[in-house]
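S.K.: Need a 3D model of the following:
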Amino acid sequence: MSARWLVVSLLLGTLPIGALSAQTGERLQLKDYLDFEDARDPRLAPDGSQVIYTRRFVDQMHDRWESALWILGVDGSKQRFLVDGGDARWSPDGSRIAYVADGQPEGRQIFVRWMDAEGAVSQITRVGHAPSDLAWSPDGKWLAFRMLVPMRERWPVEVPSPPAGATWTPPPHVVEKLNYRRDRVGFTDEGYQQLFVVSADGGTPRQLTEGPFSNGAPDWTPDGRSLIFSGLRDEDPDYVWRESEIYRLEVASGTITALTHRKGPDGQPTVSPDGTLIAYTGYDQTDDTWIDSKLYLMNADGSNVRVLTPSLDRSPQGLIWAADGRGIYFTVDDAGSRNLMFVPASGGAVRPVTRGRQILSVSMVGRNGTAVGVRSTFETPNDVVVFDVARPAPRPITAVNEDLLGRKSLATEDEIWFPSVDGFRIQGWIVKPPNFDPHRKYPMMLTIHGGPHAMYGVGFNFAWQEHAAHDYVLLYLNPRGSTGYGSAFGNAIKNAYPGRDFDDLMAGVDTAIGRGYVDVNNLFVYGCSGGGVLTSWIVGHTDRFAAASAMCPVTDWLSFVGTTDGASWYRNFAKLPWDDPSEHLRRSPLMYAGHVATPTMLMTGVRDLRTPMPQTEEFYRALKLRKVPTAMVRFNDEWHGTSSKPSNFLRTQAYLRYWFTRFARTSAATR
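M.R.: Model (predicted):
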């Protein structure tokens, strides 16, 4: 590499991360997280010349993530800050953008900015709750959106009034719904997500839906007369499991018509460019714990339903109609990667548009076939990419972390496949530290994903990179129950979670050890949510790990099903617990606490409603009673998880390594 090429590449921001990393050898540090940025939700201008995207960054003074809108040419030129906010949407003629930002009198509001030289900005709403899912009407005169509308019945109970100047305890919160709260939201019996329209010039929003129903994101029909959305407008929706329909709402009259009627969930409705067809996803009702969705097509009136992906055993996401209406683009998660696919509307084979080891999320396909999205690989975080769907080679037009990572020596990863019990083949990845020495013995962390129906992939992960920078090998796997491998693989843990997925994880550990560079005396394990379930299960079934951290775990299914933020978990067992609790007990890590000898830390957010704190407390108390080395770390201002606040992410990383170092065995390599 010539010195002149290096200087020019630095000035243009085109130097590959690995090129400079190899020269400097500087490792990632925990404090670097505070300078980390993220690119999201790029939107292509109607004429295809410019892209607006949301750029997220850490507000270090207020310990939170903030966002701003940036704009650049589709060729990557003239990148610049535009305005604070996010969720930008171009008007149909490209003259304006609508977006959401902090406004008056408080909270998130809708704004419209003119995209001419003047750049005038108007606050369009002054509403009491945050609007979301903005959608321009085809004529550019209206904006549809969703917003919470309070709707809570009050008991007609009369009690004496307090004396003047007295301070009384607030009245109790009376709950009568089956599902009455949700993690990261709190109580949900306060209201429902309703649909609105508001003039793009500003004014009073008009509420289009009402009643005790929450409605999905709206999509306009091309004539501007109707909105298509998904939801469940059932008289008793709390007692209907895995059910939703597609609806048409006439904007002028407010008339709502159900377009689908089958038993099972239907969602992601997307109207064709000429308005004659609606694409959507769903599946027939089943009691399987996981089933991949199919892509369907129906006429605009709900007739002539047909499935477009009968043999595709992956779930279509992010549906986008081709501009000529001849087919639908969508992404699928498959074996740790995400790529773009296409299926003709007339029927026929699904074909891949992009290929490769990447996490590619496409947000738009323009009129001339230009696609825009964000792409991540193991060594490169999210950046905006563009490509022609006829010649699909995603090209990055941003490099939002080049200034941070360009001088770092990053970890690398090896993909592995290995056999497990019952004839299953399992995929995973081994993360190797910078300047990896295959002759050295490294301590290893096994990290386990949540869900349990989720997929670890090949995208960039700051947490793993930072652990590896401290000379840990990391192992991450997709055991049975994971998505991205088909319905049968995902459903393999039905009435058996945790269970044989433990065998998959242990087989992965053995495979990594077989590479010859893992210190078998210093194996560590951690995971959150479903990963916390399996971590607490692992320590009750093996002593091979030197230390463990069960984060936001479920440890007692008997108490969990009644205290988590929804009643659907009752359906993950063959019988209700009061009819037969044996399965709940058999699958509860708490029942194996008597076998635990591994030093085990538990970390959970104090506001967690998904895996509530008592799940952590039960396991902690059991281990403490038995004098197993244990600690309970209660994260302030966190719902489910331990890392939504930037400072709590830093603590999670530091506490994990402290605990593992504290119980490292003497044969550990020097760190």
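
S.K.: any low-confidence regions in the stretch 451-600 of the chain?
M.R.: By pLDDT under 70, the stretch 451-600 of the chain has no low-scoring segment.

S.K.: just the strands in it please.
M.R.: 473-478, 518-528, 547-551, 600-605 (DSSP state E, counting those that start in this stretch).

S.K.: In the stretch 351-500 of the chain, mark out all the helices, start to finish.
M.R.: For the stretch 351-500 of the chain, the helices defined by DSSP state H, counting those that start in this stretch occupy 402-405, 462-468, 487-490, 500-513.

S.K.: and those as JSON lines, adding distance to Trp290 and mean neighbour count?
M.R.: Every residue, glycine included, has its C-beta placed from N, CA and C. Formatted as JSON lines, the helices of the stretch 351-500 of the chain follow (distance: least, CB to CB, whole Å; neighbours: other CB atoms under 10 Å):
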{"stretch": "helix 402-405", "distance to Trp290": "35", "mean neighbour count": "18"}
{"stretch": "helix 462-468", "distance to Trp290": "25", "mean neighbour count": "22"}
{"stretch": "helix 487-490", "distance to Trp290": "3", "mean neighbour count": "20"}
{"stretch": "helix 500-513", "distance to Trp290": "12", "mean neighbour count": "21"}
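
S.K.: can you put the ones you listed in JSON lines and add distance to Pro381?
M.R.: JSON lines is the format used below for the helices of the stretch 351-500 of the chain (distance: least, CB to CB, whole Å):
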{"stretch": "helix 402-405", "distance to Pro381": "7"}
{"stretch": "helix 462-468", "distance to Pro381": "8"}
{"stretch": "helix 487-490", "distance to Pro381": "28"}
{"stretch": "helix 500-513", "distance to Pro381": "25"}
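
S.K.: Now the helix or strand Leu148 falls within: buried residues?
M.R.: Assigned by DSSP states H and E, Leu148 belongs to strand 142-150. Of the residues in strand 142-150, Trp142, Leu143, Ala144, Phe145, Arg146, Met147, Leu148, Val149 count as buried by neighbour count, 16 or more other CB atoms under 10 Å.

S.K.: Give the single residue among the residues you listed positioned nearest to Ser487.
M.R.: Of all the buried residues of strand 142-150, Arg146 has the smallest distance to Ser487: 30.5 Å, by CB to CB.

S.K.: Next one: that closest one, what pLDDT does it get?
M.R.: You'll see Arg146 listed with a pLDDT of 97.

S.K.: so where do the helices sit in the stretch 1-150 of the chain?
M.R.: Counting by DSSP H, counting those that start in this stretch, the helices of the stretch 1-150 of the chain are 3-12, 17-24.

S.K.: And the closest residue to Asp75 other than its chain neighbours, how far from Gly356?
M.R.: Using CB to CB, 6 or more residues apart in numbering and skipping residues adjacent in sequence, the residue nearest Asp75 is Ile397, 7.0 Å away. In this structure, Ile397 and Gly356 are 18 Å apart, going by CB to CB, to the nearest Å.

S.K.: Contacts only, for the residue most central in space within the chain.
M.R.: Taking CA atoms, centre = their mean, the centroid of the chain lies closest to Ala454, which sits 9.5 Å from it. Listed by CB atoms under 8 Å, 6 or more residues apart in numbering, the contact partners of Ala454 are Ser482, Thr483, Gly530.

S.K.: please redo it, this time with the cut-off set to 7 Å
M.R.: Counting by CB atoms under 7 Å, 6 or more residues apart in numbering, Ala454 touches Ser482, Thr483.

S.K.: Centre of the chain to the strand holding Leu148, how far?
M.R.: 23 Å (CA atoms, centre = their mean, to the nearest Å).

S.K.: now for the following helix or strand past it, which elements pack on it?
M.R.: With elements assigned by DSSP H and E, the helix or strand that comes after strand 142-150 is strand 181-182. Using 3 or more CB pairs under 7 Å, 6 or more residues apart in numbering; DSSP states H and E, no helix or strand is in contact with strand 181-182.

S.K.: Okay, now the sheet partners of strand 181-182, with direction.
M.R.: strand 186-187 (antiparallel) (DSSP bridges).

S.K.: neighbouring contacts of the strand it pairs with?
M.R.: By CB under 7 Å, 6+ apart, strand 186-187 touches His173, Tyr180, Arg181.

S.K.: go on, stretch 589-600?
M.R.: Counting by CB under 7 Å, 6+ apart, 533, 536-537, 539-541, 543, 545, 547-548, 550, 555-556, 585, 618-619, 622-623, 626, 628-630, 663 sit against stretch 589-600.
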